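A.B. asks: Provide a 3D model corresponding to the input given below.
(chains A and B)
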Amino acid sequence: MCLGIPMKIVRLDGQEGEVEAGHLRRRANFSLLKEVRMGEYVLVHAGFAIERVKEKEARATLKMLKDVGYSG
Amino acid sequence: MIKDLAKEINRNSSGKSCTIMEVCGTHTMSIFRFGLRTLITDKINLVSGPGCPVCVTPNIFLDKAIAIASLKNVIVATFGDMFRVPGSRSSLEKERGKGRDIRTVYSTLEALKLAGRRPDKEIVFLGVGFETTAPTVAQSILMAKREGICNYSVLCAHKTMPEALKVLAEGEGLKVDGFLLPGHVSTIIGTRPYEFLARDYSKRCAVSGFEPVDILESILMIIRQDRPRVEVEYDRIVSKSGNRRAQSVISKVFSKTDSEWRGIGKIRNSGLKIARNYSEFDADLKFRPKVCPGAEKTACICGKVLKGLKKPSECSLFAVSCTPENPVGACMVSSEGTCAAYYRYAR
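C.D. replies: Residues are numbered from 1 along each chain as shown, chains lettered A, B, ... in the order given. Just a heads-up that it's a prediction; the model follows:
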């Protein structure tokens, strides 16, 4: 249940916006983080960004998730 | 890389047995999914703990949710994980089959939007989860208050991890040498709340990420410690102080309370309840659901499994009358439950 996925911020409207990982695109809320920027990677849990993730690390995690067909 | 790490663990294992408990359901699934137990020496005994929030939510919470769902003009919104968990007499899934309006949502934001769209209905969100999820629920209550959404409330069963770890560290029955601490709970709370484990109970700890490499590196960290301490393997995400903004949202909306953990019992100060300033969003107070204690399923040993005392295969129901399709205990329902992990990967 505590699963978090690193996702890229692709749209920002105030404290809400859209995040993307591979083909998955979702609405997300950024109010639990201080000042996020477009293009930044964040860890998304249950519709909220809960931490920032460095791009290199986010990409590595996403690649691993893709490689193993992670669905959890 | 995985094989190299496993070799390194086996080389560093002193020959003395070491019991390490992973307390997060997502860790349990990764360990099984990648067969990590089979790669390392059997001197290292990996046991699963009570880190699946669905598994530790007691019957009475489900019974209350079902009682509320049966009221007129109520829509119950829940994360999908809770849907099939059995209560004393029924489950949310069965109740939906009877025509109750119970919907799965991806986040509290969806439930809040539903409340905005349906002012003729009361939307009750089932607040289940540890510190990772609690701020997202707290934030929905703050948003409802700010936007004057009066038909939204939360049936709250949030739990906090450090108090449960204290009970496990005090350990009746199972002696744990070290803990793999939960990565995303720690994203929120940081590492300070765990320091007592090393200081007062001499437990060796590592906050771990969820990839196989993370878990093996964390095990290596634990067995290499010359004195008990809390280390962070998942330092790309977890800081010592955690997400302070999320912590402040939690402490604004919730207050600490004693909480019942399925199979473990009541743990002092291990739960969160909605604070008095936000009591209009407390579904328990708003609807006062009436429930009576149900019959316990005595043959199910979920409680012992959750404390690492028994393996699922030691349960007489396991894979016979308790399967993921027809679960008896919560540990088989949740995709992150220990019984589900054993059923899928280690039968």
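
A.B. asks: contacting residues for residue 43?
C.D. replies: No chain specified, so I'll use chain A. A:Gly4, A:Ile5, A:Pro6, A:Met7, A:Ala49, A:Ile50, A:Glu51, A:Arg52, A:Val53, B:His184, B:Thr187, B:Ile237 (C-beta atoms under 8 Å, 6 or more residues apart in numbering or on different chains). Glycine gets a C-beta too; all of them are placed from N, C-alpha and C.

A.B. asks: should've been chain B
C.D. replies: B:Ser13, B:Gly15, B:Lys16, B:Ser17, B:Cys18.

A.B. asks: Give me the subset of the contacts of A:Leu43 that lies in helices.
C.D. replies: Counting by DSSP state H, the part of the contacts of A:Leu43 found in helices is B:His184, B:Thr187.

A.B. asks: follow-up on the earlier one: give the PyMOL command for selecting the buried subset of the contacts of B:Lys43.
C.D. replies: Typed into PyMOL, the line below selects the buried ones among those, using 16 or more other C-beta atoms under 10 Å in any protein chain shown:
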select buried, chain B and resi 13+18
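
A.B. asks: Which strand or helix spans B:Arg227?
C.D. replies: Assigned by DSSP states H and E, B:Arg227 belongs to no helix or strand.

A.B. asks: Quick check on it: phi, psi?
C.D. replies: Main-chain dihedrals, B:Arg227, degrees, to the nearest 10: phi -140, psi 150.

A.B. asks: any idea how far chain A is from it?
C.D. replies: Separation of B:Arg227 from chain A (C-beta to the nearest C-beta, to the nearest Å): 29 Å.

A.B. asks: Have a look at chain A and report its longest strand.
C.D. replies: Counting by DSSP state E, the longest strand found in chain A is strand A:5-13.

A.B. asks: contacting residues around the residue in chain A that chain B sits nearest to?
C.D. replies: Nearest residue of chain A to chain B: A:Gly47, at 2.6 Å (C-beta to the nearest C-beta). When the contact criterion is C-beta under 8 Å, 6+ apart, the partners of A:Gly47 are A:Arg26, A:Arg27, A:Ala28, A:Asn29, B:Tyr106, B:Ser107, B:Thr108, B:Leu109, B:Glu110, B:Thr136.

A.B. asks: Tell me the pLDDT of the closest residue to it other than its chain neighbours.
C.D. replies: Distance criterion C-beta to C-beta, 6 or more residues apart in numbering or on different chains; nearest residue to A:Gly47, sequence neighbours excluded, is B:Ser107 at 2.6 Å. Listed pLDDT for B:Ser107 reads 95.

A.B. asks: what does the stretch 51-200 of chain B put close to chain A?
C.D. replies: B:51-54, B:79, B:81, B:106-110, B:128-130, B:132-133, B:135-136, B:139, B:182-185, B:187-188 (C-beta under 8 Å from any C-beta of the partner chain).

A.B. asks: Show me chain B divided up by domain.
C.D. replies: Following automatic domain parsing, one finds the domains of chain B at B:2-53+B:165-232, B:56-160+B:243-287, B:302-345.

A.B. asks: counting contacts, what elements does the longest strand of chain A pack onto?
C.D. replies: Counting contacts by 3 or more C-beta pairs under 8 Å, 6 or more residues apart in numbering or on different chains; DSSP states H and E, strand A:5-13 is packed against strand A:16-21, strand A:24-29, strand A:41-45, helix A:55-67.

A.B. asks: give me that answer again for 7 Å
C.D. replies: The contact analysis (3 or more C-beta pairs under 7 Å, 6 or more residues apart in numbering or on different chains; DSSP states H and E) places strand A:5-13 against strand A:16-21, strand A:41-45, helix A:55-67.

A.B. asks: closest to B:Ile2 out of the ones you listed?
C.D. replies: Among the helices and strands packed on strand A:5-13, helix A:55-67 comes nearest to B:Ile2, with 11.2 Å by C-beta to C-beta.

A.B. asks: returning to what we had before: buried ones only from the contacts of A:Gly47, please, as a ChimeraX command.
C.D. replies: Applying 16+ other C-beta under 10 Å to the contacts of A:Gly47, the buried members can be selected in ChimeraX as follows:
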select /A:27,28,29 /B:107,108,109,110,136
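
A.B. asks: Assumed B:Glu260 was part of a helix.
C.D. replies: No - under DSSP: H, G, I helix; E, B strand; the rest coil, B:Glu260 falls outside any helix and is assigned strand.

A.B. asks: For it, list the residues it contacts.
C.D. replies: For B:Glu260, the contacting residues are B:Pro58, B:Lys266, by C-beta atoms under 7 Å, 6 or more residues apart in numbering or on different chains.

A.B. asks: how about low-confidence regions in chain A?
C.D. replies: Where chain A drops to pLDDT under 70, the residues are A:1-2, A:67-72.
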